[in-house]
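K.L.:
Okay, here's the prediction I keep looking at, along with the sequence it came from:
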Amino acid sequence: MLLRAAEPRDFHPIADLNNLFIATSAIHFSYDPVTPDELEAAWRATRERYPWIVAEIDGRFAGYAKAGTWRDRAAYAWTPESGIYVEDWARRRGVGRALYLRLFDVLRDQGYHSLIGGITLPNEPSVRLHESVGFTQVSLIPRAGWKFNAWHDVGFWQRNLAEPGAPATPIRAPVITPTQA
């Protein structure tokens, strides 16, 4: 499995994967499909601050993980939110774990202190993945979103990236070198 920085060519499969979750599940809270251009524009606007990492297996897109703004106020700058999606054919092959572990390394090197992951519940596979890589549930928001004619709870998990009490340092641009996992 190859883990590498996202590139413009990745936004068609990233959009396809997101749109599958948008159309078929409450895991993604959007109602409307996203376009590759929309996702690429979002990536371009934040790529000097937040990493997007793609996984390939035998040259085939298998999934991606990204970080982005969790909250806008200045004091939250050291805590981004994660997003992770894995193709159905690539699940249970270590793709999600590999993506997260690489994302943690990149974020830690940038100077981030913790990471937030939101999970629409119930979603036992996602809960297992997050907890297996060191996330701890920190909150539950009942009836946080309405999709497919039902209310859905959202849980938030947090993963520390730095030692408690470590001072804040300026956030650096992400450096993502291709690695084999």
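P.N.:
Looks like it arrived, so ask away. Residues are numbered from 1 along each chain as shown.
K.L.:
ok, Arg47 touching Pro174?
P.N.:
Yes: Arg47 is within contact range of Pro174, at 7.5 Å (criterion: Cβ atoms under 8 Å). (Glycine included, C-beta is placed from N, CA and C.)
K.L.:
nearest residue to Ala173 other than its sequence neighbours?
P.N.:
For Ala173, ignoring the flanking residues on the chain, the nearest one in space by Cβ to Cβ, 6 or more residues apart in numbering is Glu48 at 5.0 Å.
K.L.:
what about the residue most central in space within the chain, helix or strand, and which?
P.N.:
Closest residue to the average C-alpha location of the chain: Gly83 at 1.9 Å, with Cα atoms, centre = their mean. Counting by DSSP states H and E, the element that carries Gly83 is strand 81-86.
K.L.:
Mind listing what's buried along that strand?
P.N.:
Across strand 81-86, burial judged by 16 or more other Cβ atoms under 10 Å covers Glu81, Ser82, Gly83, Ile84, Tyr85, Val86.
K.L.:
shaky segments in this protein?
P.N.:
Within the chain, no range satisfies pLDDT under 70.
K.L.:
how about it, which residue sits the furthest from its center?
P.N.:
Within the chain, Asn149 marks the point farthest from the mean C-alpha position, 26.0 Å out by Cα atoms, centre = their mean.
K.L.:
ok, now how distant is it from Ala26?
P.N.:
10 Å (Cβ to Cβ, to the nearest Å).
K.L.:
Ok, Leu161 next?
P.N.:
Relative to Ala26, and taking Cβ to Cβ, Leu161 is found at 28 Å.
K.L.:
Could you count how many residues lie near His113?
P.N.:
His113 is flanked by 21 other residues according to other Cβ atoms under 10 Å.
K.L.:
contacting residues around it?
P.N.:
Contacts of His113 were listed using Cβ atoms under 8 Å, 6 or more residues apart in numbering, and they are Trp78, Thr79, Asn160, Leu161, Ala162, Ala166, Ala168.
K.L.:
List the beta-bridge partners for the third one.
P.N.:
It refers to Asn160. Taking DSSP bridges as the rule, Asn160 bridges to Ser114.
K.L.:
May I have the residues that are in contact with it?
P.N.:
Neighbouring residues of Asn160 by Cβ under 8 Å, 6+ apart: His113, Ser114, Gly134.
K.L.:
what about Arg47 and Pro174, which has more around it?
P.N.:
Comparing Arg47 with Pro174 by neighbour count (other Cβ under 10 Å), the higher total belongs to Pro174, at 21 against 17.
K.L.:
Spell out the secondary structure type for the more buried one.
P.N.:
At Pro174 the chain is in coil, as set by DSSP: H, G, I helix; E, B strand; the rest coil.
K.L.:
With Glu131 as the reference, measure out to it.
P.N.:
Relative to Glu131, Pro174 is positioned 25 Å away (Cβ to Cβ).
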